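Novice: Pasting the sequence and the predicted model now:
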Amino acid sequence: MAVSNLQCRECKAQYPLDALYVCERCFGPLEVIYDHSRLVEGGVNELRRRIQGGPQNIWRYADFLPLVDGPPGPSGRLASRTGLPAGCTPLIRADRLAKRLGLREVWVKNDAANPTHSFKDRVVSVAAARARELGFQVIACASTGNLANSVAAHAAALGLDSYVFIPADLEEQKVLATGVYGTKLVAVKGNYDDVNRLCTELSAERDWAFVNVNLRPYYAEGSKTLAYEISEQLGFELPDRCVVPIASGSLFTKIAKGFAEWRDLGLVDGELPTMNGAQAQGCSPVANAFASGHEVCRPVKPDTIAKSLAIGNPADGPYALEEARCSGGSIDAVSDDEIRAGIALLAQTTGVFTETAGGVTTAVLAKLAARGDIDPSERVVLVITGEGLKTLDAVRGTFEYSEIDPTVEQFQTHVERIPAFAGTGS
Ligand SMILES: *Cc1c(COP(=O)(O)O)cnc(C)c1O
Ligand SMILES: [Zn+2]
C-alpha cells in the first residue's frame, strides 16, 4: 500500500504508523504521509479504471487511505473492512435550488445516505479498520452526536467493544440511535469540549482506540473520500466551489486535501475548488477568526441548534482558516433562524431533508449567492453531512397542517377554503 508514515504538520518530524496523534517535539498534530509514485506507473487511465472497478463504497479509494493491508477482498483478513460499507452516496443536480439562488449549476452531495445517516461513517470506517490492523479490541469516541451513532454501529458490525462519550444535552434522536447498537454509552455533564478533554485523559490510560483522539490521523483521512467521490461522479472533473460545514475543521481541510492529491496525480485537471466553510453563529470560532483576519484563538462556549457542529475549541481550525484563505474562499456563520430556513430551502427545492448542520451549509450557500461571491458560471457542490430525522426539533412548529374528520365537507371547509392550504405550490 502507498501509506508510508506519520509526520508532524508543523515541524515535519517522522513517526511510525502507530496510535499516535501529537508530535513529541512541538505538540503539532500528526498526519499520514503516502508515496503514490508506484500508483501512476501504468498511467492515469489505468488508475481511473482500477478505481472504477472497485467496490461500491469508500474502499474503491483504498489506495489513498492509511491502511497497510491491500484493498479489501471478498474473503480473508480484509473482509472486516466491508463490515458496514460507507460512501458512494448520491451527487444530485439541484436545478431548482440553483434557480432560487440565481446560480447556474449546484450539486448536492447527500452524505445523509450513509449507513448511520451522516458522513461520519467514512471516518469511522477508516479508523475502525486501522484499529483492527493495530490489534485494538475496543473502539471509543468523543462525539457531538453523529460520531456516536457511527462508532456504535461499526463496533457492532465488526464485533468490537465500544465506549461512546456524548454531551448530556444531545438530541434524543441521536442518543436513541446510538444506544440501540449495544454500545457503552456515557452522557457527560458538560459540552463537547469537556467530553473531549475527558476522552483525551482516558486515552492516555486505556488501551482503547479513540477514533478521533489517538487514531485521529487515520480517522481524518476518511473525509478525503468525499472529494474523490465528488470528482469521480463529475466524470473525473473538479467542481469550482465547495461549501462544507466546519466543526473541528477536519472534514473541510481533508476534502481540500483529497482534491489536491488527485490533481497532483493527474487524475483530475484544472484549478482546485474554492473552499467555503460554514458555521453556526452560536459556535463560530473559525468564522470569527476569518472575519477578523486573525488566528483561531480563545475557545467559545457553544449555544446553537447545530449541535453536531458545536465544537468551541476546533483542533483543525487554524488549518481550515488557512485553506479558506489560500483557495480564495471564506468561512461564514449563520443564525439559528437562518439554519431553520436553510433546512426548509433544501427540503423544498431538492427533496433532501437534512439535519441542522446541512441547514448551516445551505444557509451559507444562500448567503454567498446573495452577496455576489459566486460567479453564475460556477459549478458549486453543497456538502450535506447529516439526516433531518436526527434533529426533528429544528423543524417542529415551522409549518402548519390540518387535521380533519374523514368527510369531503370537512376537507372543503378546513383545507380548500383556507388560502394557506389552497395554493398550487411552486
Ligand atoms: C462531525 C460533523 C461535521 C464536521 O466535522 P469536523 O470534521 O469535525 O469539522 C459536519 N457535519 C456533521 C453532520 C457532523 O456530524
Ligand atoms: Zn512537531
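Specialist: Noted; the coordinates are in hand. Residues are numbered from 1 along each chain as shown. Ligands and ions are numbered 1, 2, ... in the order given.

Novice: Which positions in the stretch 51-200 of the chain make contact with ligand 1?
Specialist: With CB under 6 Å from any ligand atom as the criterion, the stretch 51-200 of the chain meets ligand 1 at residues 118, 120, 144, 146. To be clear about C-beta, it is placed using only N, CA and C from the backbone, and glycine gets the same treatment.

Novice: With the stretch 301-426 of the chain instead?
Specialist: For the stretch 301-426 of the chain, the contact set with ligand 1 under CB under 6 Å from any ligand atom comprises 308-309, 355, 357, 385-386.

Novice: How about Asp375, nearest residue that isn't a chain neighbour?
Specialist: Leaving out its chain neighbours, the residue that sits closest to Asp375 by CB to CB, 6 or more residues apart in numbering is Asp240, at 7.9 Å.

Novice: Double-check that neighbour against Arg379; I have them as touching.
Specialist: Yes: at 4.9 Å, Asp240 counts as touching Arg379 under the criterion of CB atoms under 8 Å.

Novice: got any residues that touch both of the two?
Specialist: Applying CB atoms under 8 Å, 6 or more residues apart in numbering, one finds that no residue jointly contacts Asp240 and Arg379.

Novice: Ligand 2 contacts on the stretch 1-150 of the chain?
Specialist: 8, 10-11, 13, 23, 25-26, 28 (CB under 5 Å from the ion).

Novice: Now Glu205: phi and psi?
Specialist: Backbone torsions for Glu205, taken as degrees, to the nearest 10, come to phi -110, psi -20.

Novice: which ones are touching it?
Specialist: Counting by CB under 8 Å, 6+ apart, Glu205 has no contacts.

Novice: Figure out the helix or strand that Gly87 lives in.
Specialist: When elements are assigned from DSSP states H and E, Gly87 belongs to no helix and no strand.

Novice: Just give me the neighbour total for the nearest residue to it once chain neighbours are set aside.
Specialist: Nearest residue to Gly87, sequence neighbours excluded (CB to CB, 6+ apart): Ile58, at 3.6 Å. Applying other CB atoms under 10 Å, we find 29 residues neighbouring Ile58.

Novice: give the contact list for the residue positioned nearest the centre of the chain.
Specialist: Note on the chain: the residue nearest the mean C-alpha position is Phe119, at 4.4 Å, using CA atoms, centre = their mean. By CB under 8 Å, 6+ apart, the contact set of Phe119 is 111, 146, 223, 226, 251, 383, 385-386.

Novice: And the pLDDT for Cys297?
Specialist: pLDDT recorded at Cys297 is 76.

Novice: Also Arg81?
Specialist: 53.

Novice: now do Arg379
Specialist: pLDDT at Arg379 comes out at 98.

Novice: Am I right that it is in contact with Trp107?
Specialist: Yes: counting by CB under 8 Å, Arg379 touches Trp107, with 7.2 Å between them.

Novice: out of the two, which sits in the more crowded spot?
Specialist: Trp107 (23 against 16).

Novice: secondary structure class for Pro66?
Specialist: Following DSSP: H, G, I helix; E, B strand; the rest coil, we place Pro66 in the coil state.

Novice: Including pLDDT, could the residues of the stretch 1-150 of the chain next to ligand 2 go into CSV?
Specialist: Shown next, in CSV, are these (pLDDT from 0 to 100):
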residue, pLDDT
Cys8, 98
Glu10, 96
Cys11, 98
Ala13, 98
Cys23, 98
Arg25, 97
Cys26, 97
Gly28, 96
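
Novice: In stretch 181-193, which residues are buried?
Specialist: 181, 183, 185-186, 188, 191-193 (16 or more other CB atoms under 10 Å).

Novice: quick revisit: starting from Gly145, give me the distance back to the residue nearest to the centre of the chain.
Specialist: 13 Å (CB to CB, to the nearest Å).

Novice: Quick check: which ranges of this structure have low pLDDT?
Specialist: Within the chain, the segments meeting pLDDT under 70 span 70-82, 420-426.

Novice: Swap in 80 and give it another go.
Specialist: 1, 69-83, 297-298, 418-426 (pLDDT under 80).

Novice: Tell me where it has strands.
Specialist: Taking DSSP state E as the criterion, the chain carries its strands at 3-8, 14-15, 30-34, 91-93, 105-110, 138-142, 161-167, 184-188, 209-210, 241-245, 274-280, 330-334, 379-384.

Novice: Quick one: check the third one for contact with ligand 1.
Specialist: The one in question is strand 30-34. No: applying CB under 6 Å from any ligand atom, one finds strand 30-34 separated from ligand 1 by no less than 13.8 Å.

Novice: Now for Arg38: which residues touch it?
Specialist: Going by CB under 8 Å, 6+ apart, Arg38 touches Ala2.

Novice: hmm, try it at 10 Å
Specialist: With CB atoms under 10 Å, 6 or more residues apart in numbering as the criterion, the residues that contact Arg38 are 2, 63.

Novice: How about the one 4 residues further on?
Specialist: Remark: with contacts taken as CB under 10 Å, 6+ apart, Gly42 is in contact with 49-50.

Novice: if we can go back for a sec, of the residues of the stretch 301-426 of the chain next to ligand 1 - the most surrounded one?
Specialist: Most neighbours among those, by other CB under 10 Å: Ala357, with 35 neighbours.
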